[in-house]
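1. pasting a predicted model and its sequence here:
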Amino acid sequence: MAKQAINIGTTANDGTGDTVRAAFDKTNDNTNELYNLLGDGSTLSITGDVSVSAGAVTIANDAVTTAKITDDNITFDKLENRYTAKSTTSSTSGTISIDWSAATTFEFTASLTGATTISFTNFKQGQVIGIYGLTGAQTVTLDSDAATSETFNRVGTSEYDGTGSNFLQVTCVDDSADAVFNYSVITYTSDTTP
């Protein structure tokens, strides 16, 4: 319902405004709409770090401790790019920045032609990214621009093999100033029969 404005007339006591009954009827209608929107009809229930504006409900960062999540209100498409998007690079040497907030999958579209440093930014603890299309017989080094110091732990025994296409999977296990990453790397080929 649209807001019902009370007609107060042109001047005080000129008899052209709403009657007292009509004015309070509009007041009740407006109040009931608010109580139904922001509560259960008789009690307001939105408190704390929640705001409503133009029909949208906003919950402050880190304000939710428990929530009911259903297929109706959270979908994969609503997640940040860091969990859903793909990024490509045609860079072939030097320092190549990988922004963890921009994508979850990173594709190298050209073979490396010189020594390459893959430099991580905007990573979050618990986030996992995949880097694929790495090829070229060059030295590849991992680094982080955002950390004071970082540790990279290779998981498994496979190493980068520049003669084939490589897939590098990296997990951030600590996003502090002393960041820690676990990674694995393996070559791959297109094959429909695993």
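-> Thanks, I have the structure now. Numbers count the residues shown, from 1 in each chain.

2. can you map out the strands along the chain?
-> 50-53, 56-59, 86-89, 94-99, 105-108, 116-121, 128-134, 140-144, 149-154, 165-174, 178-188 (DSSP state E).

3. strands paired with the fifth one, and their directions?
-> So the one you mean is strand 105-108. strand 86-89 (parallel), strand 128-134 (parallel) (DSSP bridges).

4. just send these back as a markdown table, with distance to residue 165 and mean neighbour count too.
-> C-betas here are computed from N, CA, C, even on glycine. What follows is those, written out as a markdown table (distance: least, CB to CB, whole Å; neighbours: other CB atoms under 10 Å):
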| stretch | distance to residue 165 | mean neighbour count |
| --- | --- | --- |
| strand 86-89 | 15 | 14 |
| strand 128-134 | 6 | 18 |
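
5. quick one, which of the ones you listed is nearest to residue 23?
-> strand 86-89 (59.1 Å; CB to CB).

6. what lies in contact with that closest one?
-> 96, 98-99, 102-109 (CB atoms under 8 Å, 6 or more residues apart in numbering).

7. ok, those vs residue 90, which is closest?
-> residue 109 (5.0 Å).

8. in the sheet, who's paired with residue 87?
-> residue 106.

9. could you measure from the spatially most central residue of the chain over to residue 118?
-> Centroid-nearest residue in the chain: residue 80, 2.6 Å away (criterion: CA atoms, centre = their mean). As for residue 80, its distance to residue 118 is 21 Å (criterion: CB to CB, to the nearest Å).

10. re the thing from before, okay, the contacts of strand 86-89 in TSV with distance to residue 166 next?
-> Formatted as TSV, the contacts of strand 86-89 follow (distance: CB to CB, whole Å):
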residue	distance to residue 166
96	14
98	14
99	20
102	21
103	18
104	18
105	14
106	12
107	12
108	9
109	14
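
11. just the buried residues from these, in ChimeraX please.
-> To isolate the buried ones among these in ChimeraX, judged by 16 or more other CB atoms under 10 Å, type:
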select :96,98,99,102,103,104,106,108
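
12. in JSON lines, list the contacts of strand 86-89 along with pLDDT.
-> Putting these into JSON lines (pLDDT from 0 to 100) gives the following:
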{"residue": "96", "pLDDT": "96"}
{"residue": "98", "pLDDT": "96"}
{"residue": "99", "pLDDT": "96"}
{"residue": "102", "pLDDT": "96"}
{"residue": "103", "pLDDT": "96"}
{"residue": "104", "pLDDT": "96"}
{"residue": "105", "pLDDT": "98"}
{"residue": "106", "pLDDT": "98"}
{"residue": "107", "pLDDT": "98"}
{"residue": "108", "pLDDT": "97"}
{"residue": "109", "pLDDT": "97"}
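
13. and the contacts of strand 86-89, which is closest to residue 146?
-> residue 99 (10.0 Å).

14. quick one: contacts for that closest one?
-> Counted by CB under 8 Å, 6+ apart, residue 99 has contacts 87, 121-122.

15. from these, pick the one nearest residue 2.
-> Using CB to CB, these come closest to residue 2 at residue 122, 44.2 Å.
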